[in-house]
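**Student:** from the sequence below, what's the structure:
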Amino acid sequence: MQNDFTHNGIRTHRARILLGVIAFLFGILGIRLYMLQIAEWEQYRIKSEKNTMQPVIIQANRGLIRDRNGIILVDNRPSYNISVIPPRFLANIEEGKCNGLLERLGQIVDIPCETITKKLQSPNRYFYDPVNLKLDVDFETVSIIEENRYDFPGVEIQIEPRRGYPIFDTPSAVSTEFSHMQHNVSKSFPLAPHTLGYIGLINASQYSRLKAEGYRYDDRIGKRGIERMFEDRMRGHKGVRYIEVNAKGREVGSFPEKTDPPIPGEDLSLTIDWRVQHAAEHAFADSMRGSLVAMHPQSGEIIAIVSKPGFHPRSIRDPKAWQLLQTDPSKPLLNRSLKGEYPPASVFKMITSIAALDMGILKANQYRLRPCTGGMVFGNRRFRCHNKRGCGPINLRQALVKSCDVFFYQLGLRVGIDNWHRYAAMFKFGELTNIDIASEGDGEARGLLPDHAYYKQRHGFWAGGNMLNLTIGQGELLATPLQVARYTSALATGQLPTPHVIKGTQGGTTSLPISKAVIETVRSIMIDVVNSPGGTGHRARLPDIVVAGKTGTAQNPHGEDHAWFVAYAPAENPRIAIAVIVENGGGGGRVAAPIAQKTLEAYFEHAVPKQKRTNELFVVNNP
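**Tutor:** The predicted model follows:
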């Protein structure tokens, strides 16, 4: 019976079935292994890498800003930032609670844990974008984070470029290395901060407008000046690298072959000469408020542009320092060169002089007006001269040299408001200069050039006494230092230039519709203002170079008078034109002229080759 059962084929049949099932299962397994290991290997490799590979943004170096000679005015320096990748960090945090891990991190970076949680849960970011907790931290904080990095999954120490500002001590020694010292005096501010501008954290409106261009919600962006105007050219393009993380979110490796390096931003070269800029800024005392603009009169290139008081661009990173800057009554953030509006005072007397000469009212050496006795009665008011004892019999040349107000009261009445306005408009007062850094940047003020219609509209009538104020550059007449510098350039060359700061820009010039003889007469008088005995601008003289200029003292109803001085040199072949104003400085010849003199001295010492300067001096001294 047993033998029959064994050999009846049942066991053999069952064994075959079992073997078939096993073979079938192994076949399925083999096919699946083939699909996983060979056919679909690339697909699953990518999925695996996505689970372990995370992107890390590499910030691009921002473009450098250089002066006309290639000297660096703004560079980049490495900065340590503490950042957090939320998915990796919050996985270890109980939602809605500040547990020990979060509190420890908050103590290290000195930020409340509630603030950290709010930052990490911000919706304005991509999933794996790092969130900057604290920027520009010190080495001690970096060391603490690094020592405890395995306790803080998702917390990263990122090295990013930050703006650096070389400090120039003397023109003889150029240092382009960034100083990490904290400077508390204005003399150590970077050069031309109002013109260069600064960068700051992107705000909500900017982010919503620019996120399509690759900006993140905690990126830095140009806020003022050149940094703002050329943001798209200077920012560069970010790169990215990929790291490998384990299940706990800790970095365990990298994928260097996948790194996409950043592209640095474009460098910019300016027309500014750092040596002249340095001298001009240091010519102002620490307590002074005002502006200086120096330009090449033929091309309109800005050689130096100063606004005082200044500020350090790094102040924007410190909320307390930034608040102090915004509330400071001296308004250090105001770019006085482009936006400061002042009565131009006696430097505007050349307009009245040009109008009178061109209209044939008088000649420079004629005595046709009443002598100055220290004042002049007009209507029911006495208009005074700055010389209370009077200037006596005087002609146009002497009146400009001595800056006699009474002479110009009389001359202004003869010229009249309409003609005065027509000649002033030839120099584009009351209009934008269209300087390149204002057109798409921070803007500029127009000033005010009132005419007959202005007074009728504003006051309902025109009074002849208004002309007495306008003819000496007072009243409601307003101009910016940049406008006055351009006006001085036009007096020097007969051409009105378009000012510009970016090297290589073609500004263009406009010819003045005024006879050359008239311009030459005014130029010769401006030479006398500086170089003749008793000239009000004698403090601007240079030993071997003939300087032409004019002083001005603008009456200020809110305090001490403003001090003006304009000049160009060499007189016979002008290479530089300057306008200086010192708010509440008093007399222009006493306060503003020495500032111009120091700036001119630096220009001819450093910016003009000695042989070229010698040849020009030969022309000046041997007409």
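**Student:** how about the helix or strand where residue 593 lies: buried residues?
**Tutor:** Assessed by DSSP states H and E, residue 593 sits inside helix 593-602. By 16 or more other Cβ atoms under 10 Å, the buried positions in helix 593-602 come out as 593, 595, 596, 597, 598, 599, 600, 601, 602. The C-beta positions use only the backbone N, C-alpha and C, and glycine is treated the same way.
**Student:** would you point out the most distant pair within those residues?
**Tutor:** 593 and 602 (15.2 Å; Cβ to Cβ).
**Student:** which neighbouring elements make contact with the helix or strand where residue 158 lies?
**Tutor:** Element membership for residue 158 (DSSP H and E) is strand 155-164. Helices and strands touching strand 155-164, by 3 or more Cβ pairs under 8 Å, 6 or more residues apart in numbering; DSSP states H and E, are strand 72-84, helix 139-147.
**Student:** CA-only coordinates of it in CSV, if you can.
**Tutor:** Taking Å, rounded to 0.1, in the frame of the first residue of the first chain, the C-alpha atoms of strand 155-164 are listed here in CSV:
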residue,chain,number,x,y,z
VAL,A,155,21.5,75.2,11.1
GLU,A,156,24.1,76.3,8.7
ILE,A,157,27.1,78.7,8.8
GLN,A,158,27.1,80.5,5.5
ILE,A,159,29.9,82.6,4.2
GLU,A,160,28.5,85.4,2.0
PRO,A,161,30.0,88.5,0.5
ARG,A,162,29.2,91.8,2.2
ARG,A,163,30.1,95.3,1.1
GLY,A,164,33.4,96.6,2.3
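**Student:** just the angle for it relative to strand 72-84, thanks.
**Tutor:** 170 degrees (axes from the mean of the first three to the mean of the last three Cα atoms, to 10 degrees).
**Student:** so for strand 155-164, what gets flagged as buried?
**Tutor:** Buried, per 16+ other Cβ under 10 Å, within strand 155-164: 155, 156, 158, 160, 161, 162, 163, 164.
**Student:** any chance of TSV for the residues you listed, columns pLDDT and distance to residue 394?
**Tutor:** Conversion of the buried residues of strand 155-164 to TSV gives the following (pLDDT from 0 to 100; distance: Cβ to Cβ, whole Å):
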residue	pLDDT	distance to residue 394
155	84	79
156	79	76
158	81	71
160	85	66
161	88	63
162	89	60
163	91	55
164	91	56
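**Student:** got a list of contacts for the helix or strand hosting residue 275?
**Tutor:** Using DSSP H and E, residue 275 sits in helix 274-283. Identification of contacts with helix 274-283 by Cβ atoms under 8 Å, 6 or more residues apart in numbering yields 67, 69, 71, 73, 168, 171, 174, 187, 189, 191-192, 292, 294, 303-306, 308, 310, 594-595, 598-599, 601-603, 606-607.
**Student:** next SSE downstream of it?
**Tutor:** Downstream of helix 274-283, the next assigned helix or strand under DSSP H and E is strand 290-295.
**Student:** that next one packs against which elements?
**Tutor:** Against strand 290-295 (3+ Cβ pairs under 8 Å, 6+ apart) you get helix 274-283, strand 302-308, helix 336-339, helix 481-493, strand 576-582, helix 593-602.
**Student:** so which of these is nearest residue 505?
**Tutor:** Nearest to residue 505, of those and by Cβ to Cβ, is strand 302-308 at 10.3 Å.
**Student:** right, and the helix or strand after the closest one?
**Tutor:** In N-to-C order, the element after strand 302-308 by DSSP H and E is helix 319-327.
**Student:** ok, back up a step: same list (the buried residues of strand 155-164) but as TSV, adding distance to residue 458.
**Tutor:** Compiled in TSV, these are given as follows (distance: Cβ to Cβ, whole Å):
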residue	distance to residue 458
155	63
156	61
158	58
160	53
161	52
162	49
163	45
164	49
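**Student:** which one of those is nearest residue 442?
**Tutor:** When the buried residues of strand 155-164 are compared against residue 442 (criterion: Cβ to Cβ), the nearest one is residue 163, at 17.6 Å.
**Student:** what sits against that closest one?
**Tutor:** 62, 74, 75, 76, 77, 198, 199, 313, 314.
**Student:** dump the residue contacts of the second one.
**Tutor:** Taking Cβ under 8 Å, 6+ apart as the criterion, residue 74 is in contact with 64, 65, 163, 164, 165, 190, 196, 227.
**Student:** which residue sits closest to residue 221, ignoring its sequence neighbours?
**Tutor:** Take residue 221 and drop its neighbours on the chain: the residue closest to it by Cβ to Cβ, 6 or more residues apart in numbering is residue 202, 4.6 Å away.
**Student:** residue 359 is in contact with residue 418, isn't it?
**Tutor:** No. Counting by Cβ atoms under 8 Å, residue 359 does not reach residue 418; the two are 11.4 Å apart.
**Student:** those two: which has the busier surroundings?
**Tutor:** Neighbours were counted for residue 359 and for residue 418 using other Cβ atoms under 10 Å; residue 359 has more, 14 against 10.
**Student:** roughly how far does the more buried one sit from residue 314?
**Tutor:** 55 Å (Cβ to Cβ, to the nearest Å).
**Student:** and residue 133, by the same measure?
**Tutor:** For residue 133 relative to residue 314 (Cβ to Cβ), the value is 19 Å.
**Student:** neighbouring strands - and their directions - for the strand holding residue 158?
**Tutor:** strand 72-84 (antiparallel) (DSSP bridges).
**Student:** can I get the strand it pairs with in PDB, CA atoms only?
**Tutor:** C-alpha atoms of strand 72-84 as PDB (Å, rounded to 0.1, in the frame of the first residue of the first chain):
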ATOM      1  CA  ILE A  72      38.500 100.400  -5.400                       C
ATOM      2  CA  LEU A  73      36.000 102.600  -3.500                       C
ATOM      3  CA  VAL A  74      33.600  99.700  -2.700                       C
ATOM      4  CA  ASP A  75      34.600  96.000  -2.500                       C
ATOM      5  CA  ASN A  76      33.400  92.800  -1.000                       C
ATOM      6  CA  ARG A  77      34.500  91.000   2.200                       C
ATOM      7  CA  PRO A  78      33.500  87.600   3.600                       C
ATOM      8  CA  SER A  79      30.700  87.600   6.200                       C
ATOM      9  CA  TYR A  80      29.500  84.800   8.500                       C
ATOM     10  CA  ASN A  81      25.700  84.300   8.600                       C
ATOM     11  CA  ILE A  82      23.700  81.900  10.700                       C
ATOM     12  CA  SER A  83      21.000  80.400   8.600                       C
ATOM     13  CA  VAL A  84      18.400  77.600   9.100                       C
END
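**Student:** which SSE is immediately downstream of that strand?
**Tutor:** Downstream of strand 72-84 (by DSSP H and E), the next one is helix 86-90.
**Student:** what's that next one packed up against?
**Tutor:** Packed next to helix 86-90, using 3+ Cβ pairs under 8 Å, 6+ apart, are helix 113-120.
**Student:** list the buried ones in the helix it packs on?
**Tutor:** Buried, per 16+ other Cβ under 10 Å, within helix 113-120: 113, 116, 117, 119, 120.
**Student:** tell me the angle that helix makes with strand 72-84.
**Tutor:** Using the same axes, to 10 degrees: helix 113-120 against strand 72-84 is 110 degrees.
**Student:** from residue 393, how far off is residue 407?
**Tutor:** 10 Å.
**Student:** neighbour count for the two, which is higher?
**Tutor:** residue 407 (28 against 12).
**Student:** heading C-terminal from the strand or helix carrying the more buried one, find the next helix or strand.
**Tutor:** Residue 407 is part of helix 405-415 when elements are defined by DSSP H and E. Later in the chain than helix 405-415, the nearest helix or strand by DSSP H and E is helix 417-426.
**Student:** same question for the next helix or strand after that following helix, mean pLDDT?
**Tutor:** Scanning forward in sequence from helix 417-426 by DSSP H and E, the next helix or strand is helix 436-437. Average pLDDT, helix 436-437: 90.
**Student:** give me the contacts around helix 436-437.
**Tutor:** Outside helix 436-437, the residues that reach it (Cβ under 8 Å, 6+ apart) are 195, 225, 226, 229, 338, 500, 501, 502, 505, 507.
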